[in-house]
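J.: sequence first, then the predicted structure:
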Amino acid sequence: MIWVDTIVQGVLLGGLYALFAAGLSLVFGIMRLVNLAHGDLIVLAAFVILTMAGALGLHPFVAVLIAAPVMFAVGWLLQTYVLNRVLGDDILPPLLVTFGLSVVIQNGLLEGFSADSQKLSAGPIEAASIKLGPIAVGVMPLLTLVSAIVVIFALNQLFYRTKLGRAFRATSDDAVTAGLMGIRPRNVFAIATGIAMVVATIAALYLGIRANFDPTIGPARLIYAFQAVIIGGLGSLWGTLAGGIVIGVAQGLGAAINPEWQILAGHIAFVLVLLIRPRGLFPRAND
Amino acid sequence: MSAPVLTISNLTAHYGDFQALFGVDLTLEQGQALAVIGANGAGKSTLMRAITGILPSPRDAITLNGRAIGHLSAPEVLEAGISMVPEGRKLFPSLSVEENLLIGAHARTGNGYWTLERLYDLFPILRERRHNPGTALSGGQQQMVAIGRALMSNPTVLLCDEISLGLAPVVIRDIYATFPKIRESGASVIVVEQDIGQALRIADHVCCMMEGRITLSGAPTDLSRDAIHNAYFGVSA
Ligand SMILES: Nc1ncnc2c1ncn2[C@@H]1O[C@H](COP(=O)(O)OP(=O)(O)OP(=O)(O)O)[C@@H](O)[C@H]1O
Ligand SMILES: [Mg+2]
């Protein structure tokens, strides 16, 4: 029974990792950009929620509704004024720029908020749990996983059922020919990064409620997100969810054996999956 | 007397230090079908890329219905009313046949002649294949999708870059057989070809290109085989 419980908790934790990773996966899928600042942007979003909640006296679940459009704008501006300028055939410039951005965000947050750890307080719901058969499941972890599923479902609908999604896919296939269709790839990229930042804000909400955060924790979140994306198969959103769950379960099992093994177990699972399936669990056919 | 739809004057184009077009002049009349022919590397595709804004041009080198459009970007040129069937078809592999057609209407604002239904009537096989990935079709069917995609923007000017490339003669004939209907929709047409036969059959006017220059221009009936051969290969037949 303890194992079932461990696996269930791991799956729920995987929802959080999938939320970390979904924005990264979206941006990579559309513009082949690996955003090394993604983890720091999640942390930035957590501070935006914290600030809104503090300044306006709002519950984090309400504050996120204001933070999300703010972060959309951050993503849009970042893509338009920084990332679009360095995207090209050479993959190195965007890596360097987003690495630099990561450092800038961390230092900016340290300057503005100090190194103290912070937490988003959601009240009694944080301790609430419900019984699923013999297992007690925390309401917040459950909500996190459900949110991850809803987010990924919504992103898939956007991708495969809307005009904007069609433009995303066409631009990802061939930006020059997309231009001949009247699509402006730079605008498409700006919207995509804006949407990725909205997803990052949702991730930040659950990150900030679940545990303490401070300006320096971004890079570690980036690693989990990376691993989830790569395990799932580059560019596959449902694969990203599966990847998040693989890491969550591996960490849970590792921690059950020995608490010190939690993080290591996730990394080992990552390496094992790649040894068996080098292109991830659900690789996209035409990559 | 018909007014020119598209005027190109003294157009040059470069790839880095390499000059690919040298002062090209060309006029497309309202309702006309113009064939641009020329050998490998003559600069035909470069001319198309310049017109569509993929390659930058001086503002006044290209005018569409009197409006200077040389400086516009590719999406702006499309919005101005010029669409292209690119060399090699360039369908989007992630999109189904129908999505490939729909994306041709991405920038469209109003109604116009071309709808999915009209395109499926023009190319009935595409109706059957509408849910297949665009790239799962035969070469000829892919070319139909590429033409349909370009028509979905209801262009004033339709540019076709080597639609016969890699297709069997009967398929080429079938595709060119749809051109009268395409022209009825009001589009003026430029077809680029290395394969002269089909293009000349539908064209009202021919321009021959060689090494980045127009070397011959006239009505197909006025030009002798020798003259075309000369302009095409630069040697006497
Ligand atoms: N991207 C490019 N970079 C550098 N040179 C190029 C490029 N594209 C074409 N060229 C050169 O420009 C010249 C004209 O090429 P273009 O593609 O316009 O010829 P074309 O008439 O379309 O030939 P084809 O019938 O083979 O399609 C050629 O000498 C070609 O090598
Ligand atoms: Mg060509």
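T.: That came through fine. Residues are numbered from 1 along each chain as shown, chains lettered A, B, ... in the order given. Ligands and ions are numbered 1, 2, ... in the order given.
J.: which residues belonging to the helix or strand harbouring A:A242 are considered buried?
T.: Taking DSSP states H and E as the criterion, A:A242 maps to helix A:237-257. Buried residues in helix A:237-257, defined by neighbour count with 16 or more other Cβ atoms under 10 Å in any protein chain shown: A:237-256. C-beta: built from backbone N, CA, C; applies to glycine.
J.: just how off-centre is it within its chain?
T.: Centroid displacement of helix A:237-257 relative to its chain, using Cα atoms, centre = their mean, to the nearest Å, is 14 Å.
J.: list the contacts of the residue in chain B that ligand 2 sits nearest to.
T.: Nearest residue of chain B to ligand 2, counting by Cβ to the ion: B:S45, 3.0 Å away. Going by Cβ atoms under 8 Å, 6 or more residues apart in numbering or on different chains, B:S45 touches B:E87, B:D161, B:E162, B:V192.
J.: that's a strand at it, yeah?
T.: No. Read with DSSP: H, G, I helix; E, B strand; the rest coil, B:S45 is helix and lies in no strand.
J.: do you know the pLDDT at it?
T.: Looking at B:S45, its pLDDT is 96.
J.: check B:G218 too.
T.: Listed pLDDT for B:G218 reads 86.
J.: how about it, nearest residue that isn't a chain neighbour?
T.: Distance criterion Cβ to Cβ, 6 or more residues apart in numbering or on different chains; nearest residue to B:G218, sequence neighbours excluded, is B:V206 at 6.4 Å.
J.: ok, the one you found to B:A219 distance?
T.: Counting by Cβ to Cβ, to the nearest Å, the gap from B:V206 to B:A219 is 7 Å.
J.: for B:D17, same thing?
T.: 37 Å.
J.: put the alpha carbons of the helix or strand hosting B:L26 into PDB.
T.: Assigned by DSSP H and E, B:L26 belongs to strand B:18-29. In PDB, the C-alpha atoms belonging to strand B:18-29 read as follows (Å, rounded to 0.1, in the frame of the first residue of the first chain):
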ATOM      1  CA  PHE B  18      26.400  37.700 -56.200                       C
ATOM      2  CA  GLN B  19      24.100  39.700 -58.500                       C
ATOM      3  CA  ALA B  20      21.300  37.500 -59.800                       C
ATOM      4  CA  LEU B  21      19.100  40.100 -61.600                       C
ATOM      5  CA  PHE B  22      20.300  42.900 -63.800                       C
ATOM      6  CA  GLY B  23      17.700  45.600 -64.500                       C
ATOM      7  CA  VAL B  24      14.700  43.400 -65.200                       C
ATOM      8  CA  ASP B  25      11.700  45.200 -66.900                       C
ATOM      9  CA  LEU B  26       8.400  43.500 -67.100                       C
ATOM     10  CA  THR B  27       4.700  44.400 -67.400                       C
ATOM     11  CA  LEU B  28       1.700  42.200 -66.600                       C
ATOM     12  CA  GLU B  29      -1.600  43.400 -68.100                       C
END
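J.: flag every buried residue along that strand.
T.: Residues B:A20, B:L21, B:V24, B:L26, B:L28, B:E29 are the ones in strand B:18-29 that count as buried (16+ other Cβ under 10 Å).
J.: right, and B:D25 touches B:T12 too?
T.: No. In this structure, B:D25 is not within contact of B:T12 by Cβ atoms under 8 Å, at 11.4 Å.
J.: spell out which parts of the stretch 101-250 of chain A neighbour chain B.
T.: Taking Cβ under 8 Å from any Cβ of the partner chain, the part of the stretch 101-250 of chain A that reaches chain B is made up of A:163, A:166-167, A:169-170, A:172-174, A:176-184.
J.: thanks a lot, catch you later.
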